[in-house]
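Colleague: with the sequence up front, the predicted model follows.
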Amino acid sequence: MKRHFMVCVNNQGYEASLEIRKIYEILADKAAEKHHQIRVIDESGEDYLYPSDYFASIRLPAGTKEKLELIAA
């Protein structure tokens, strides 16, 4: 499974679960996308739904992405 990462740009209402400027692993969830939400592995280590506009896409160098994928595995 290909892993996808995004950076948190807003945590209003979720301060205990999300850190601004932190990179999070995103899981595919087509049903959530229809409701403008994304499934994120947050600070608890579990996956939860958050507003999609709380995150921004990032392009990572291949080596960095490989390291994050190993950590997330």
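Modeller: That came through fine.
Colleague: in the chain, what residue sits furthest out from the centroid?
Modeller: Within the chain, the residue lying farthest from the chain centre (CA atoms, centre = their mean) is residue 63, at 18.7 Å.
Colleague: residues near the closest residue to residue 55 other than its chain neighbours, how many?
Modeller: Once flanking residues are discounted, residue 55 sits nearest to residue 6: 4.0 Å by CB to CB, 6 or more residues apart in numbering. All C-beta atoms are positioned from the backbone trio N, CA, C, and that covers glycine. Neighbour count of residue 6, defined by other CB atoms under 10 Å: 18.
Colleague: what helix or strand is residue 6 on?
Modeller: Using DSSP states H and E, residue 6 falls within strand 4-8.
Colleague: excluding its own residues, what touches that strand? List them.
Modeller: 18-28, 38, 40, 54-58, 60, 65, 68 (CB atoms under 8 Å, 6 or more residues apart in numbering).
Colleague: run the last query once more with 6 Å
Modeller: Defining contact as CB atoms under 6 Å, 6 or more residues apart in numbering, one finds that strand 4-8 is touched by 18, 20, 22-23, 25-26, 55-58, 68.
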